[in-house]
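Participant: The following block contains a protein sequence and its predicted model.
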Amino acid sequence: MEFNEFLNNFSTSVKKAHSIYIYPHVSADGDTLGSTLALKKYFDSIDKESVILIEEVFPSTYKFMYDEDSFEFYDQNEHDKADLHISVDTGDINRLGKRKEAFKGETINIDHHKTNTNYAKENYVDYHASSSGEIIYEMLIGLGCTLTKEIAVYLYVAISTDTGGFRYSNTNENCFKIASELIKFNINISDLSKKVFETNSIEKTLLMGKAIEKLRFFFDSRVAVVLFRKEEYLTLNANEEMFDGIIQIPRNIEGVIVAAVIRQSLDDTVKVNLRSNDDQVDVSKIAFDNNGGGHKRAAGYTSNENMDDTLEKLLHDIEKQLK
Ligand SMILES: [Mn+2]
């Protein structure tokens, strides 16, 4: 769908709605949180009642963005009041976790994942966009929203984290254009970057150390994998949220084409996080074949098999694309 057409439909839906629920995806990252917060501030500015529904503890990296008036913990008995539901940065309905039960009726899905399954009534998916933050920025401008410093911080965090600090292959011309607009609000780039890229808890640091110890290499060291069973991270007092970024450890090794982190979740499902360093392997294909999603160079899925079988199948899937 064309952007302007979407924006018109969006505007009409918002006008009709009495109250709105906004949905970030589970295992929230900077993009989904920054984007949903910016959208929420827009609704506040037009006096439209809205709330961001979450179901997990807020990631500590992004605690500085936590605004208790914006978020509510999902309670299925309580949260049945909105007549418009908007998900942001969420490639498929299962990424809404338990909240997918509430995501019904008038629904809008705003995203940039190529593997998006168009699960809402209205879907706007632009996979050329670097981030959902980039889409939300364009939407707010198109809707005539007056940006504030607060919104600028949210959108800067969204775009900068999804592009790895304007370094990943999804970084485009528009990211820099938007960043140059956002910086006019006097946002503190070095302070934000320190918070989102350069601050780790002790537990996270120990987890990173353990990940280095546990590295395994396959296919002439072109594939690097880290496997974590839950006891292994629980003994470090690490939690699942701390796995965000652990994939950089195998990914950043010279000569590695595909990096994977496989971890056993607290609920015993096995989560697979993938990165590709080279166009010869499109990890979104592997993720999609396993009912997951993502992009060419960054993707993931949940496996119902045990750790060893998950690894074996993954290596087989990677081998099919390795030249
Ligand atoms: Mn994103």
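Facilitator: Everything's here; your move.
Participant: Do a quick rundown of the strands in the stretch 51-200 of the chain.
Facilitator: 71-73, 84-88, 107-111, 122-125 (DSSP state E, counting those that start in this stretch).
Participant: Need those strands in a markdown table (columns: mean neighbour count, mean pLDDT and distance to residue 149).
Facilitator: Using the backbone N, CA and C atoms, a C-beta is placed for each residue, glycine as well. Formatted as a markdown table, those follow (neighbours: other CB atoms under 10 Å; pLDDT from 0 to 100; distance: least, CB to CB, whole Å):
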| stretch | mean neighbour count | mean pLDDT | distance to residue 149 |
| --- | --- | --- | --- |
| strand 71-73 | 15 | 97 | 20 |
| strand 84-88 | 26 | 98 | 21 |
| strand 107-111 | 25 | 98 | 23 |
| strand 122-125 | 19 | 98 | 27 |
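Participant: Now do the helices in the stretch 51-200 of the chain.
Facilitator: Counting by DSSP state H, counting those that start in this stretch, the stretch 51-200 of the chain has helices at residues 132-142, 149-162, 173-182, 189-197.
Participant: Next, format those helices as JSON lines and append mean pLDDT and distance to residue 210.
Facilitator: Below are the helices of the stretch 51-200 of the chain laid out as JSON lines (pLDDT from 0 to 100; distance: least, CB to CB, whole Å):
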{"stretch": "helix 132-142", "mean pLDDT": "98", "distance to residue 210": "31"}
{"stretch": "helix 149-162", "mean pLDDT": "98", "distance to residue 210": "24"}
{"stretch": "helix 173-182", "mean pLDDT": "98", "distance to residue 210": "34"}
{"stretch": "helix 189-197", "mean pLDDT": "97", "distance to residue 210": "21"}
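Participant: deepest of the ones you listed, which one?
Facilitator: Compared across the helices of the stretch 51-200 of the chain, helix 149-162 shows the largest average neighbour count, a mean of 25 (mean count of other CB atoms under 10 Å).
Participant: can you list the residues of the chain near the ion?
Facilitator: 31, 89, 131, 132, 162 (CB under 5 Å from the ion).
Participant: mind listing what the fourth one touches?
Facilitator: By CB atoms under 8 Å, 6 or more residues apart in numbering, the residues touching residue 132 are 31, 32, 35, 88, 89, 110, 111, 112, 158, 162.
Participant: From residue 311, how far off is it?
Facilitator: From residue 132 across to residue 311, the span is 31 Å (CB to CB, to the nearest Å).
Participant: returning to that earlier point: any idea which of the residues of the chain next to the ion is closest to the ion?
Facilitator: residue 31 (3.5 Å; CB to the ion).
Participant: Residue 159 reaches residue 179, doesn't it?
Facilitator: Yes. Contact criterion CB atoms under 8 Å: residue 159 and residue 179 qualify, at 6.7 Å.
Participant: list the contacts for residue 266?
Facilitator: Neighbours of residue 266 in contact, by CB under 8 Å, 6+ apart: 230, 240.
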